[in-house]
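Colleague: Below are the sequence and a predicted model; questions follow.
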Amino acid sequence: METAIELSPEEKQAIVIETVRASYKPIASQLQAMGKVLAHPLRKAIVSYAFPARIARIHVRPGDWVKEGQELVTVQSEEVGEAKSAYYKAMADYELARQNHEREKRLFDRGVGAQKNMLATEAELKVAEASLDAAEKKLHVLGFTEAQVKEISVSHQVHPVITLFSPIRGKVVQYNAVLGGMIDQSSEILTIMDPTLLCVDADIYERDIAKMKIGQNVDVSVPAYPDEKFQGKICYIGDVLKEETRTITVRTEVENKNNKLKPGMFANIRVSLDHQVRALVLPQEAILDDQNDQLVFVKQGNQFFPRLIETGIKENSAVEVTAGLEEGEEVVAKGNFQLKSKLYDEILKKAGVH
């Protein structure tokens, strides 16, 4: 980094050099933290069944997009068969009790029937009605909707099967369904997730809690896409401080339109705070990446000196310089790539490689 670069007359003709002066400007204050990408709790659903059953049909595959209410799997259950049979019997008992009551009521109204017979059939009708209601509720407990129960009452077919539907719109991300496989209340048959909206949970230190507010803008970056920023907003600030780390959880909702973010990824977040700070800044194009360092070229007279710097807040095309540069120093903003190439040629020459 002590090597001075000086351009020959020919190089000055070939390389266009433009410079800017490092200066202090107001820039939006930001707070950084590490976090983890998670599925949105309101956009994820585990599909299971509360009773022992066997998978009879599978209607989807891993990775399929499904709509809310779409068929997922059909299961065969002894409980379902028994519940349907009980429902049909309750329907038949109710119909018989209704007819008996109507007959006895007509006879009583004409004065040829006994009141006690009419009251007895009325009591039987109420019992049958209660039994039918209980049988219908049992079907709902097993997972049948109102429309399905109505269809059952019309078809009068005792098939011990029930189809499970997607409770949300999303993608099949976990798939444990095996045709003919047995399941019970602990089995997670499928997991549906909407990956277009995810969360990033980050731990914020106790001293910074007062800076956090619902709705603040957040830039999210992940190692898989280091040059991309994903935009989000804070949607939740935890209520309990973790005593071991003295941190609190802050959750950011992030739009994931291209499905690049994946739950489980580690993420870096930058929270835009409500106040500005004065910072020494340079335009983004003046700063070069040099392995794990950041490099600029400082012009002094007719020479250019490489300088390693440290950076902080980024706002649009402006970057805060936290170390390595002084106010007023002249920094190359255009032509710095060519200077970097010449720098490494000089280093190789000194090392005897060329």
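Modeller: It's in. From a predicted model like this one, the values you see are computed outputs, not experimental measurements.

Colleague: Where does pLDDT dip in this structure?
Modeller: Within the chain, the segments meeting pLDDT under 70 span 1-2, 274-276, 315-316, 346-354.

Colleague: longest helix anywhere in it?
Modeller: When the chain is parsed with DSSP state H, its longest helix is helix 78-109.

Colleague: Enumerate the positions of it that are buried.
Modeller: Under the neighbour-count criterion of 16 or more other C-beta atoms under 10 Å, helix 78-109 has 79-80, 83-84, 86-88, 90-91, 93-94, 97, 100-101, 104, 108 buried. Just so you know, the C-beta spots here come from the backbone N, C-alpha and C atoms, and that holds for glycine as well.

Colleague: same deal with stretch 241-256?
Modeller: So for stretch 241-256, counting by 16+ other C-beta under 10 Å, buried means T247, I248, T249, V250, R251, T252, E253, V254, N256.

Colleague: Packing partners of the helix or strand where the third one lies?
Modeller: I take that to be T249. Under the criterion of DSSP states H and E, T249 resides in strand 247-255. Packing partners of strand 247-255 (3 or more C-beta pairs under 8 Å, 6 or more residues apart in numbering; DSSP states H and E): strand 23-39, strand 197-205, strand 217-222, strand 225-237.

Colleague: try it again with 10 Å
Modeller: strand 23-39, strand 197-205, strand 217-222, strand 225-237, strand 266-283 (3 or more C-beta pairs under 10 Å, 6 or more residues apart in numbering; DSSP states H and E).

Colleague: of all those, which lies closest to I5?
Modeller: strand 266-283 (18.5 Å; C-beta to C-beta).

Colleague: Pairing partners for that closest one, with directions?
Modeller: strand 23-39 (antiparallel), strand 217-222 (antiparallel), strand 318-323 (antiparallel) (DSSP bridges).

Colleague: Tell me the buried residues in the next helix or strand after that strand?
Modeller: As assigned by DSSP H and E, the chain's next helix or strand after strand 266-283 is strand 288-290. If you call a residue buried by 16+ other C-beta under 10 Å, then strand 288-290 has these buried ones: L288.

Colleague: from the middle of its chain, how far away would whatever helix or strand comes next after strand 288-290 be?
Modeller: Counting by DSSP H and E, the next helix or strand C-terminal to strand 288-290 is strand 293-300. Taking C-alpha atoms, centre = their mean, to the nearest Å, one finds the center of strand 293-300 at 41 Å from the center of the full chain.

Colleague: same deal with stretch 298-316?
Modeller: 39 Å.

Colleague: Kindly export it (C-alpha atoms) in PDB.
Modeller: The C-alpha coordinates for stretch 298-316 follow below in PDB (Å, rounded to 0.1, in the frame of the first residue of the first chain):
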ATOM      1  CA  VAL A 298      -5.600   9.200  -3.200                       C
ATOM      2  CA  LYS A 299      -4.200  11.800  -5.600                       C
ATOM      3  CA  GLN A 300      -1.200  13.800  -4.300                       C
ATOM      4  CA  GLY A 301       0.300  16.000  -7.000                       C
ATOM      5  CA  ASN A 302       0.900  13.800 -10.100                       C
ATOM      6  CA  GLN A 303       1.000  10.600  -8.000                       C
ATOM      7  CA  PHE A 304      -1.800   8.200  -6.800                       C
ATOM      8  CA  PHE A 305      -1.400   6.400  -3.500                       C
ATOM      9  CA  PRO A 306      -3.400   3.300  -2.700                       C
ATOM     10  CA  ARG A 307      -5.200   3.500   0.700                       C
ATOM     11  CA  LEU A 308      -7.100   0.900   2.600                       C
ATOM     12  CA  ILE A 309     -10.200   2.300   4.300                       C
ATOM     13  CA  GLU A 310     -13.100   1.100   6.500                       C
ATOM     14  CA  THR A 311     -16.700   1.900   5.700                       C
ATOM     15  CA  GLY A 312     -19.900   2.200   7.600                       C
ATOM     16  CA  ILE A 313     -23.400   3.400   6.600                       C
ATOM     17  CA  LYS A 314     -24.500   3.300   2.900                       C
ATOM     18  CA  GLU A 315     -27.200   5.600   1.600                       C
ATOM     19  CA  ASN A 316     -28.000   5.400  -2.000                       C
END
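
Colleague: from here on, count from 605
Modeller: New numbering, starting at 605: the last item is stretch 902-920.

Colleague: Quick check: bridge partners of V679?
Modeller: In this entry, V679 is beta-bridged to I659, I766, by DSSP bridges.

Colleague: residues contacting it?
Modeller: 653, 655-661, 747, 764-768, 781, 785-787, 793 (C-beta atoms under 10 Å, 6 or more residues apart in numbering).

Colleague: Using ChimeraX, define a selection of the buried residues within those residues.
Modeller: Filtering the contacts of V679 down to the buried ones (16+ other C-beta under 10 Å) takes a single ChimeraX command:
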select :653,655,657,659,660,747,764,766,768,781,787,793
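
Colleague: If we ignore the residues flanking it in sequence, what's nearest P771?
Modeller: Spatial nearest neighbour of P771, excluding adjacent residues (C-beta to C-beta, 6 or more residues apart in numbering): A649 at 4.7 Å.
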